[in-house]
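J.: Sequence first, then the predicted structure, then my questions.
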Amino acid sequence: MERKNIIETEELTKVYDAQTAVDHLSFSVVEGEIFGFLGPNGAGKTTTLLMLLGLSEPTSGKAWVMGINPIREPIKVKRIVGYLQENMGFYRDMDARQMLGFIAELNGIMGDEAEKRIDTVLSDVGLLEEAEKKIDAYSRGMRQRLGIAEILLKEPKVAFLDEPTIGLDPDATNRMITLIKSLAREKKMTILLSSHLLYQAQKICDRFGIMINGKMVGLGTMDELTGEKFGIGKKEYTLEEVYMKFFKEE
Amino acid sequence: MHGIRAIVKKELSDHFSSFRFIILFALITMVSLILVYMSAVAIDENLEGEKIPQFVFLMLFTSSRIGFSLVQFVAFFGPLIGLILGFDSINRERNEGTLSKLLSQPIYRDDVVNGKFLAGLSVIAIMMVSIILIITGLGLVAVGVKPGVEEFWRIIIYLVISIIYVSLWHGVAILFSILFRSVATSALASIAAWIFFSFFLSLGVNAIITSIVSTEGTSAAEIYVRLARFDRALSFTSPMKLYNDATATIVDPMRRTLRPFIMQMGIMERWSLSRFSGPLPIIQSFLMVLPYIVYLVAITAICFAVSYIAFMRQEIRSV
């Protein structure tokens, strides 16, 4: 069965004040996969995500999310994409329920439908008991899960997760990883996950793109990437070894 | 339209639960109480044994017994209300990382600015209406004269002009909160703008102009005319002067001109002049101030347009 491309970019470029953040980037993500978007800090991962969301205008090149051009129709794209940003902000004096209520309203989900969905997503991310607590009192792990709840609320087809597990303790990390996997398996979302935590990325993702200095230097499944760098051997390589190989060659 | 509605709703609940609002409201209530008491006493004393003049009720707003009247109070400190309500509206969200969350939802960017402005406008309207209600309510008891139909309409027009004036400053504050990333900077810029337009332009520049003009004048009359011209030109740069002009004949119908540029005349002349001058009808008063109202609205619109453009062009980065 031919799976269609959910995300596609063509020579996507972003230049900030003479500094090229994203350099002629072309890649695609197919339906239902978890795509690991890897690279060091400042490689242009977040910038790419922002361009795909229509929050940032590319200097040149094209992008499509489910066939929609985010530069021309950002609202349409934002309706079908859930975005978990890095260092996400919350209105601290709201509780989880109010926060989700506000997000629901921004998405045009009203009344009983909103109430129902909020209860469902709160139990999905395991925050039902703490739903009346102020977000200010939440731990980082709880906040990240609330961020996932905000995404689930929209029932999107695509989710962009920017460093979802950074700064979490091991237990919170594991919960987050389980949650992300369930988004793909149960909710049938296509996920674009940006990270530089390679061990975790290896556990979650189906395919990888390695981005360094705004360029995609490696693209493929684990086997493809190892094959490209080490040849086919008996040894099992970790993603970290593969990544470091790419990194040193740049 | 769900985006703008959601934002207005959230902003309003933020405003009403904030200490900032409570403190501002307490302050305004206090000032109104003092003003109404003092002006009621003044009116009572001045009119002791005299025939009650027309529009005695409006005197509650214009009598300046303790140094300033309500109209002057709003002219000077109204801007602060608008500025305080808005100086951190966009940059706080940017610093806390909630702005990109907001913008990654399916709403238009201008919904954010519009929603915040509308919420601020509602709060300002509520504050201004309460001031007026406190003053009319207590004034009714203290002076014992009920306002006529015409006075009622004049107060309504005054209210609308005041709301526009304070909202103009709210718009300025939102503009600063877009332009400056740091909340402290935009607060400072707001205060600086307030001092420049309210105090410097009306007091400082006047002093400078007086010294320039008076050396060249041939006759005293000519000097006054020149001064008046400068003053008029100046008024188009100072929202406070515009506001004073816009409200002048509305709450003070005995005034014929917008500017007392024959201030230098003696008290006897003034009396004899006032003997012949009846109050300006409400329609005439309104027509007289209409250009100033339009001008105030225009400045607000320009401020808004600049905010839009600045906000649309800004890059949204997560950190």
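T.: All right, it came through fine. Numbering: from 1, shown residues only, chains lettered A, B, ... in the order given.
J.: count of residues packed around A:I166?
T.: Neighbour count for A:I166, taken as other Cβ atoms under 10 Å in any protein chain shown: 15. Where you see a C-beta, it was placed from the backbone N, CA and C, and this is true even at glycine.
J.: From A:R140, how far off is it?
T.: Relative to A:R140, A:I166 is positioned 9 Å away (Cβ to Cβ, to the nearest Å).
J.: can you tell me which residues contact B:F180?
T.: By Cβ atoms under 8 Å, 6 or more residues apart in numbering or on different chains, the contact list for B:F180 reads B:N91, B:S186, B:A189.
J.: Return the closest of these with respect to A:K248.
T.: Lowest distance from A:K248 to the contacts of B:F180 (Cβ to Cβ) belongs to B:N91, with 41.3 Å.
J.: Run a quick neighbour tally on that closest one.
T.: There are 22 residues near B:N91, going by other Cβ under 10 Å.
J.: The one 5 residues further on too?
T.: Close neighbours of B:E96, defined as other Cβ under 10 Å, add up to 15.
J.: next one: B:F230
T.: B:F230 has 17 nearby residues by other Cβ under 10 Å.
J.: so it makes contact with B:I209?
T.: Yes - contact status for B:F230 versus B:I209: in contact at 4.8 Å, counting by Cβ atoms under 8 Å.
J.: Quick check, pLDDT for B:K51.
T.: With respect to pLDDT, B:K51 has a value of 65.
J.: Kindly report the same for A:L12.
T.: Reading off the model, A:L12 has pLDDT 92.
J.: dump the residue contacts of it.
T.: Contacts of A:L12 by Cβ under 8 Å, 6+ apart are A:V22, A:H24, A:L25, A:S26, A:T48, A:M51, A:P58, A:S60, A:G61, A:K62, A:A63.
J.: quick one: which of the residues you listed has the most company?
T.: Top of these by neighbour count (other Cβ under 10 Å): A:T48, with 30 neighbours.
J.: Just give the nearest non-adjacent residue to that residue, would you?
T.: Closest residue in space to A:T48, ignoring its immediate chain neighbours: A:V22 at 5.5 Å, by Cβ to Cβ, 6 or more residues apart in numbering or on different chains.
J.: who does the longest strand belonging to chain A pair up with?
T.: As assigned by DSSP state E, the longest strand anywhere in chain A is strand A:5-16. Strand A:5-16 sits in its sheet next to strand A:19-25 (antiparallel), strand A:28-30 (antiparallel), strand A:60-65 (antiparallel), going by DSSP bridges.
J.: how far does stretch A:15-22 stretch from start to finish?
T.: Terminal residues of stretch A:15-22 are spaced 7 Å apart (Cα to Cα, to the nearest Å).
J.: Kindly apply the preceding question to stretch B:95-107 instead.
T.: For stretch B:95-107, the end-to-end distance is 20 Å (Cα to Cα).
J.: all helices of the chain, in order?
T.: In the absence of a named chain, chain A is used. With helices called from DSSP state H, chain A shows them at A:45-53, A:74-80, A:96-106, A:111-124, A:140-153, A:170-185, A:198-204, A:222-230, A:239-249.
J.: Please refer instead to chain B.
T.: Under DSSP H, chain B gives helices at B:2-17, B:19-46, B:59-62, B:70-86, B:91-96, B:98-103, B:109-143, B:149-179, B:183-195, B:205-214, B:220-235, B:239-251, B:267-276, B:282-313.
J.: So which of those is nearest A:D124?
T.: helix B:98-103 (19.3 Å).
J.: Could you name the helices and strands sitting against the closest one?
T.: Counting contacts by 3 or more Cβ pairs under 8 Å, 6 or more residues apart in numbering or on different chains; DSSP states H and E, helix B:98-103 is packed against helix B:109-143.
J.: can you give me the angle the helix it packs on makes with helix B:149-179?
T.: Inter-element angle recorded for helix B:109-143 and helix B:149-179: 140 degrees (by axes from the mean of the first three to the mean of the last three Cα atoms, to 10 degrees).
J.: average model confidence for helix B:109-143?
T.: The model assigns helix B:109-143 a mean pLDDT of 90.
J.: is it possible to export the contacts of A:L12 to CSV including distance to A:V125 and pLDDT?
T.: Formatted as CSV, these follow (distance: Cβ to Cβ, whole Å; pLDDT from 0 to 100):
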residue, distance to A:V125, pLDDT
A:V22, 31, 90
A:H24, 38, 90
A:L25, 32, 91
A:S26, 34, 92
A:T48, 26, 92
A:M51, 28, 92
A:P58, 33, 90
A:S60, 39, 92
A:G61, 35, 91
A:K62, 35, 90
A:A63, 29, 92
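J.: with the residues you listed in mind, which one is nearest to A:L192?
T.: A:T48 (8.9 Å).
J.: Might one say that the closest one is in contact with A:G39?
T.: No - A:T48 is beyond contact range of A:G39, at 9.7 Å (criterion: Cβ under 8 Å).
J.: shared neighbours of the two, anything?
T.: Common neighbours of A:T48 and A:G39 (Cβ under 8 Å, 6+ apart) are A:M211.
J.: what's the angle from the longest strand of chain A to helix A:45-53?
T.: Going by the same axes, to 10 degrees, strand A:5-16 makes 120 degrees with helix A:45-53.
J.: got a list of what the nearest residue to A:L128 once chain neighbours are set aside touches?
T.: Excluding the flanking residues, the one nearest A:L128 by Cβ to Cβ, 6+ apart is A:L122, at 4.6 Å. The contact partners of A:L122, by Cβ under 8 Å, 6+ apart, come to A:A96, A:R97, A:L100, A:L128, A:A131, A:A149.
J.: One more pass at 10 Å, please.
T.: Applying Cβ atoms under 10 Å, 6 or more residues apart in numbering or on different chains, we find A:L122 in contact with A:A96, A:R97, A:L100, A:L128, A:E129, A:E130, A:A131, A:R145, A:L146, A:A149, A:L152, A:L153.
J.: tell me which parts of the stretch 51-200 of chain B are close to chain A?
T.: With Cβ under 10 Å from any Cβ of the partner chain as the criterion, the stretch 51-200 of chain B meets chain A at residues B:92-109, B:111.
J.: Other residues contacting stretch B:137-157?
T.: So stretch B:137-157 is contacted by B:32-33, B:35-37, B:39-41, B:43-44, B:47, B:52, B:54-61, B:132, B:135-136, B:246-247, B:249-253, B:279, B:281-282, B:285-286, B:289, B:293 (Cβ under 10 Å, 6+ apart).
J.: Buried ones among those residues?
T.: Listed as buried from those are B:32, B:35-36, B:39-40, B:43, B:55-61, B:132, B:135-136, B:246-247, B:249-253, B:279, B:282, B:285-286, B:289, B:293; burial here means 16 or more other Cβ atoms under 10 Å in any protein chain shown.
J.: follow-up on the earlier one: which among the contacts of A:L122 gets closest to chain B?
T.: When the contacts of A:L122 are compared for distance to chain B (Cβ to the nearest Cβ), A:L153 wins out at 10.3 Å.
J.: Just confirm the closest one contacts A:G108, I think it does.
T.: No - using Cβ atoms under 10 Å, A:L153 is not in contact with A:G108; the gap is 11.6 Å.
J.: Excluding chain neighbours, give the residue nearest to the residue of the stretch 51-200 of chain B found nearest chain A in space.
T.: Nearest residue of the stretch 51-200 of chain B to chain A, counting by Cβ to the nearest Cβ: B:G97, 2.8 Å away. In space, and not counting its chain neighbours, B:G97 is closest to A:G89: 2.8 Å by Cβ to Cβ, 6+ apart.
J.: Is the one you found in contact with B:S104, as I believe?
T.: No - using Cβ under 10 Å, A:G89 makes no contact with B:S104, being 11.5 Å away.
J.: More neighbours: those two, which one.
T.: Between A:G89 and B:S104, B:S104 has the larger neighbour count (other Cβ under 10 Å), namely 27 against 20.
J.: For the closest residue to the more buried one other than its chain neighbours, which residues are in contact?
T.: Distance criterion Cβ to Cβ, 6+ apart; nearest residue to B:S104, sequence neighbours excluded, is A:Y83 at 4.3 Å. Neighbouring residues of A:Y83 by Cβ under 10 Å, 6+ apart: A:49-50, A:52-53, A:55, A:147, A:150-151, A:154, A:156, A:158-162, A:192, B:100-101, B:103-105, B:318.
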